[in-house]
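Student: pasting a predicted model and its sequence here:
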Amino acid sequence: MHKPPHGINDLFMFKRGWVRCIICVRGRAMRGWYVVVVLAFAFVLCSCMFGSGESAGGDDDAIPNGEDNVPGAPRNLTATPSGTMSIWLEWTDADEWEDGFLVERSEDGMSFEQVAELPYHHEEDPRVYYEDTGLRPNTTYYYRVRAFNEYGYSDYSNVASATTLEWEGFSEPVYYDVGASPR
């Protein structure tokens, strides 16, 4: 293995794919998602200057290890009816350090129950979408979302509500000619 550059305390080896890590450039920690590839049996190394929990300096972008790494709360949650049995949710991803999102639903706005766990999305667009289906027509539902990662859970987003569309039934009777019964 090659000797690490000067000032790097830890080396982390990853397989190919997207990885979240902290890269140090000239003593400044830069966090984010980076693509790691495997080329001819050689692994790309992601390194950072964090050793025993201290940060790389007084930089606001530097993230110390531990509880301070919980993700930020999702922002601007909206709920919009998308049918008689579904509601469309949209929110803004407030942080790039989450591993995913937990979506919770309530019919009274007080007692929430988790209805979905969504993985982190690698899109540049910070908006996240989810459609909650299998609901009852003409019923109001309340939602909240929070992010999570290995260090814990974010605060909850704002609560958003929407009422599924009313099922109007058939506007006119529908008649089918089934023909004569077989004998």
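Tutor: Looks like it arrived, so ask away.
Student: show me the strands in the chain, by range?
Tutor: 10-13, 17-25, 28-36, 38-39, 42-43, 45-48, 75-83, 86-92, 100-106, 113-119, 127-133, 140-149, 152-153, 160-163 (DSSP state E).
Student: what angle sits between the longest one and strand 113-119?
Tutor: It refers to strand 140-149. If you take axes from the mean of the first three to the mean of the last three CA atoms, to 10 degrees, strand 140-149 sits at 40 degrees to strand 113-119.
Student: could you list the domains of the chain?
Tutor: As assigned by automatic domain parsing, the chain contains the domains 10-65, 75-163.
Student: mean pLDDT lowest where, among those domains?
Tutor: Of all the domains of the chain, the minimum mean pLDDT falls on domain 10-65 (a mean of 43).
Student: contacts only, for Ile87.
Tutor: Shown in contact with Ile87 (CB atoms under 8 Å, 6 or more residues apart in numbering): Ala79, Thr80, Pro81, Glu131, Asp132, Leu135, Tyr141, Tyr143, Ala162, Thr164. For every residue, glycine as well, the C-beta is placed using N, CA and C.
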